[in-house]
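Participant: need a 3D model of the following:
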Amino acid sequence: MPRKVEIEKVRNIGIMAHIDAGKTTTTERFLFYTGFLHRPGEVDDGTAFMDYMEQEKERGITINSAATTFFWRDHQINLIDTPGHVDFTAEVQRSLRVLDGAVAIFCAVGGVEPQSETVWHQADMYNVPRIAYVNKMDRLGADFFRVIDMMKEKLNAKPAVVELPIGAEENFVGVIDLIQEKAIYFDEEVKGFRYSYEEIPEEMIEISRQWREKLVDLVAETDDELLNYYLENGTLTVEQIESGLRKATISNQLVPVFCGSSKKYIGVQPLLDGVIKYLPSPADIGVFYGYDFNNHDRKQSRKANDEEPFSALAFKILSDPYLKKLTFVRIYSGSLTVGQSVFNANAGKRERIQKILRLYANRKEEINEAYSGDIVAFPDLRVTKTGDTLCDEKHKILYERITFAEPVINQRIEAKTQQDRDRLIECLNRFADEDPTFRFNNDEESGEIIISGVGELHLEIIVDRLKREYNLEVKIGKPQVAYRETIIQEIEQDYLFDKQISGKNNFGYVRIKLKPLPRGVGNKVEFQINDNVIPKQFWNAIEEGIKEGLQIGFLGYPLTDVGVDVIDGRYEREFYTELGYKISSSMAVREALRKTKSVLLEPVFKVEIVTPEEYVGDIIADFNARKGKIDAIEQRGNVQIIKGVAPLSHMFGYVTDLRSLSQGRASYSMEFSHYEPVVEQKSL
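Facilitator: Numbers count the residues shown, from 1 in each chain. All right, here's what the predicted structure looks like:
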C-alpha cells in the first residue's frame, strides 16, 4: 500500500527546554490548532493530554517523553514532548538520537537556564537542527533581547531572529514577522484561532527594519549565491530568505528564533509554520550511517527511502498495562508490514512484528504498514532493548547505541511479604528495561534490594509507580550516594583459564594493561593486538569479560575512568572458546585491581541557585558549609544567580533548607558534573 504522506512532508521533531519553560503547554496548543484536540489541556489543571501519568498530573512536570502524530498544512508531524527535569534527561537524550529536528523553548524571564544548556549540548552531540521559541512573553520580567544575548553567550548559537514581540509583560499583544514585514495579532477570545496580518506599529518600524537587515545579513553570509545577489541588490527576496534560512538551519549554521505566549494563545501557529519551513524532513537528512554487522570498523549507510532495505533503531521501552511491553522505534529506511520478521543486529535474533502502532501519547492506533521516517511502536518484542538495531536479515546494519548517564543515588527497598518480593523483582526488571538510567541489585545472600537512579525525584517516581500501577506497598531507606572507584597507576596482568565445563574443555588467555584515565571519560577498552593473535570473533567476549571485571573494584564499588588495553593473547582452533576468553579477561582485570592502588570517588553536582538579593549571604554560608565551591554570582533582572559545585553527599534535603533560608523565595537546580576523590579518603 503506498504511503499517504510523502517523505518530504514528514517532520520528526522534539520539544526541549528547562523545566517550566512551557514545553507541554506549547505541545497542547499544537494539538489544539491542528484539530487533534477539541479543547487544549492545561498543565496547571492536570489536564494536559501529553502528561498522562498520574505523577505528571500531580507535579505539573513531564516525566516520560510522550510521542504523538498530527497534521499541519498537509504535513505529518511526529512529535516527542521531552521532560525538562534533570533527573529525566535520558528521555531527552534518546529522543534526540532519533529525531531530525527540535524546537528549543526558552522562558522569556529565565532565559537560558541550566537544563536548557544540557539539552542544547545533547542536540549538538547528535547534530540536530533547531528552531528556538521564546515563550512567556506575557510574564513579569520578560526580556526577549536578553534571551537572544544569552543564546549567543551560553550556547555559542547563531540566532536568526525572524519575529519580534509587540510589547512585553501585560502589554504583550502580538508578534512582528520580519520576513513578511507584517504585524500578527491573535484573538484571545477564540483562543488564538483567528489571527490577522496588519501593518507594523509606527513606533516599531525602525527597530523592525534594523532586525530585518540583521536577518538578511546572516542568511546571505551562509550561501555564496545569495551573498552575490545581496551585494548586487542590497536585499534578498522573501523566497530567498526562507530558502536560505532553511538550508542554514538544516546545516546547523543558524537557529531561527520565534516568540510568543503559548498560555495566552499568541504566536503558536507561526511557530508551527516555522517547523515546516525550516526543520528538515527525513529526505533532507538523506543518509543515515551505521556499521557493517560483520566488521564494526567499516561504515555502512541507508537512505531515507522506502525502497531501501529495512532498518530502524529501538529508542525506548515502555511497560503498558494491556500490551505488556511497547518498543518505540524510529524507521530510518525501507518499509515494514504486520506479520514480517526483522533481525535484531545486537542480539543476533529474529523478532516477529505482530502489530504496528501509531502513537498519540497514551492512545494508540493499529496500522498495517510503516515507512521510512515513521516513529511507531511494536508490542511484545522478545529480546529487543533500548538502543538495539532492527534490520532486514539479508542486509544487516548496526546503528550506534545510545549512551546514558550512570546512576549516582542508591536506596534500599523492601517488600512486605515474600510473595510481594517476587512481584517487586518482576516490576523492577520492567523498570530497568524501560529506563537505562535505573538499576537495581538483588543480593540473594542478604536478601537486600538496592535501587539506583540519577536523582532523588527519579527514585521517588519509581516507588510511587510501584504503589499506584502495581499496588505494591514497599519500605524504603534513606537515599545514599552511589560511590565509584578508580585506579591511580598503570599495571599489566595476564590470566590463563583452563577448565572443563559441561564436558567441554574451555581455554582462554589474555594479557591486559590497566591505566587511569582523566575524570569523566568513563571506562574504555582498546585492542592493541590484531586478529592473528586472537580472532575478532572472540573480541566481544573479551570486552564483556573486561566490563564484568570492572563492576566491583578492590574497595567494593564499580570502577570508572579506567582504560583497559588488550596487549597479548593466545589462540588454538581446537581448544580456545568464547567462554574461556570471557572468564580469562574478567579474572585478569580482578587480579590487576587487587594489586594496584585505588581511590574512592564521589559524585559532584553543578548547582544553580536563584534567589532575591537579601538572602545571598545566608545561602552562600550554608552552601560553603556543605563543602560547596562558588564559581560565580550573576545578576539577572531583580534576582541573583549563584553558581557552584558541591558533593552530592552534602546536598540531600537541600530543598527544605533553602526554603527556610529564603522564606520559600529561592529555587535551585542540580545537574551531575563529574566524580572526584572523597576528601577524607586516602589512597589504598
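Participant: where along the stretch 401-550 of the chain do the strands fall?
Facilitator: Taking DSSP state E, counting those that start in this stretch as the criterion, the stretch 401-550 of the chain contains strands spanning 409-415, 439-442, 449-453, 474-476, 480-481, 484-487, 491-501, 504-516, 524-527.
Participant: with distance to Pro558 and mean neighbour count as added columns, please give those in CSV.
Facilitator: C-beta coordinates here come from the backbone N, C-alpha and C atoms, glycine included. What follows is the strands of the stretch 401-550 of the chain, written out as CSV (distance: least, CB to CB, whole Å; neighbours: other CB atoms under 10 Å):
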stretch, distance to Pro558, mean neighbour count
strand 409-415, 11, 19
strand 439-442, 10, 16
strand 449-453, 10, 21
strand 474-476, 22, 15
strand 480-481, 13, 16
strand 484-487, 6, 23
strand 491-501, 18, 15
strand 504-516, 15, 20
strand 524-527, 15, 15
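Participant: ok, which of those comes nearest Pro677?
Facilitator: Of all these, strand 484-487 sits nearest to Pro677, with 8.4 Å by CB to CB.
Participant: hmm, back to that, okay, the strands of the stretch 401-550 of the chain in JSON lines with distance to Ala102 and mean pLDDT next?
Facilitator: Putting these into JSON lines (distance: least, CB to CB, whole Å; pLDDT from 0 to 100) gives the following:
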{"stretch": "strand 409-415", "distance to Ala102": "29", "mean pLDDT": "88"}
{"stretch": "strand 439-442", "distance to Ala102": "28", "mean pLDDT": "84"}
{"stretch": "strand 449-453", "distance to Ala102": "25", "mean pLDDT": "88"}
{"stretch": "strand 474-476", "distance to Ala102": "36", "mean pLDDT": "88"}
{"stretch": "strand 480-481", "distance to Ala102": "33", "mean pLDDT": "86"}
{"stretch": "strand 484-487", "distance to Ala102": "32", "mean pLDDT": "93"}
{"stretch": "strand 491-501", "distance to Ala102": "45", "mean pLDDT": "88"}
{"stretch": "strand 504-516", "distance to Ala102": "37", "mean pLDDT": "90"}
{"stretch": "strand 524-527", "distance to Ala102": "30", "mean pLDDT": "93"}
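Participant: nearest to His395, out of those strands?
Facilitator: Of all the strands of the stretch 401-550 of the chain, strand 524-527 sits nearest to His395, with 27.3 Å by CB to CB.
Participant: chain center to the closest one: distance?
Facilitator: How far strand 524-527 lies from its chain's middle: 26 Å, per CA atoms, centre = their mean, to the nearest Å.
Participant: what's the answer for stretch 617-631, then?
Facilitator: For stretch 617-631, the separation from the chain centroid amounts to 30 Å (computed by CA atoms, centre = their mean).
Participant: how about stretch 521-534?
Facilitator: That offset, for stretch 521-534, works out to 29 Å (CA atoms, centre = their mean).
Participant: may I see the strands of the stretch 401-550 of the chain arranged in CSV, with distance to Gly644 as well?
Facilitator: Compiled in CSV, those are given as follows (distance: least, CB to CB, whole Å):
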stretch, distance to Gly644
strand 409-415, 20
strand 439-442, 29
strand 449-453, 23
strand 474-476, 29
strand 480-481, 18
strand 484-487, 22
strand 491-501, 36
strand 504-516, 27
strand 524-527, 30
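Participant: and those strands: which comes nearest Met670?
Facilitator: Per CB to CB, nearest to Met670 of the strands of the stretch 401-550 of the chain: strand 409-415, 11.3 Å.
Participant: what is that closest one packed up against?
Facilitator: Under the contact criterion of 3 or more CB pairs under 8 Å, 6 or more residues apart in numbering; DSSP states H and E, strand 409-415 touches helix 418-434, strand 449-453, helix 456-470, strand 474-476, strand 480-481.
Participant: lowest-confidence helix or strand of this structure?
Facilitator: Every helix and strand of the chain was ranked by mean pLDDT, DSSP states H and E. The lowest is helix 54-59, at a mean of 44.
Participant: which intervals of this structure have sub-threshold pLDDT?
Facilitator: Applying pLDDT under 70 to the chain picks out residues 1, 36-66, 82-91, 93, 320-323, 361-362, 444-446, 502-503, 680-684.
Participant: quick check: Ile512 vs Tyr470, distance?
Facilitator: Distance of Ile512 to Tyr470, given as CB to CB, to the nearest Å: 43 Å.
Participant: meant to ask about Thr24
Facilitator: 26 Å.
Participant: which one of the two has more residues nearby?
Facilitator: Thr24 (29 against 16; other CB atoms under 10 Å).
Participant: wait, that one touches Thr68, no?
Facilitator: No. Contact criterion CB atoms under 8 Å: Thr24 and Thr68 do not qualify, at 11.6 Å.
Participant: Asn611 should be in a strand, yeah?
Facilitator: Careful, residue 611 is Thr and not Asn. Yes. Under DSSP: H, G, I helix; E, B strand; the rest coil, Thr611 sits within a strand.
Participant: who's in contact with Glu369?
Facilitator: 1, 335-338, 356 (CB atoms under 8 Å, 6 or more residues apart in numbering).
Participant: of these, which is the nearest to Gln537?
Facilitator: Nearest to Gln537 among those is Leu336, at 30.2 Å by CB to CB.
Participant: what are the bridge partners for the closest one, then?
Facilitator: Beta bridges link Leu336 to Ala370 when assigned by DSSP bridges.
Participant: now do it against Gln76, distance only.
Facilitator: Distance from Leu336 to Gln76, by CB to CB: 17 Å.
Participant: who's more crowded, those two?
Facilitator: Leu336 (24 against 20).
Participant: give the pairing partners of the helix or strand harbouring Leu390; include direction for each.
Facilitator: Take DSSP states H and E as the rule and Leu390 turns out to sit in strand 389-391. Partners of strand 389-391 in the sheet, by DSSP bridges, are strand 311-320 (antiparallel), strand 341-344 (antiparallel).
Participant: and those strands: which comes nearest Gly373?
Facilitator: strand 311-320 (10.7 Å).
Participant: now do the buried residues in the helix or strand that the closest one is followed by.
Facilitator: Downstream of strand 311-320, the first helix or strand assigned by DSSP H and E is strand 324-333. The neighbour-count check on strand 324-333 (16 or more other CB atoms under 10 Å) flags 325-333 as buried.
Participant: in three-state terms, how would Ile641 be classified?
Facilitator: Classification of Ile641 by three-state DSSP places it in strand.
Participant: roughly how far apart are it and Ala666?
Facilitator: With CB to CB as the criterion, Ile641 and Ala666 are 11 Å apart.
Participant: list the residues that contact both of these two?
Facilitator: Counting by CB under 8 Å, 6+ apart, the residues touching both Ile641 and Ala666 are 609-610.
Participant: between these two, point out the one with more neighbours.
Facilitator: Ala666 (21 against 17).
Participant: so who does the residue nearest to the more buried one when sequence neighbours are not counted touch?
Facilitator: Nearest residue to Ala666, sequence neighbours excluded (CB to CB, 6 or more residues apart in numbering): Thr611, at 3.7 Å. Contact analysis of Thr611 by CB under 8 Å, 6+ apart lists 619, 639-640, 642, 662, 665-667.
Participant: can you flag the buried ones in those?
Facilitator: By 16+ other CB under 10 Å, the contacts of Thr611 give 619, 639-640, 642, 662, 666 as buried.
Participant: quick check: beta-bridge partners of the residue nearest to Ala666?
Facilitator: Gln640.
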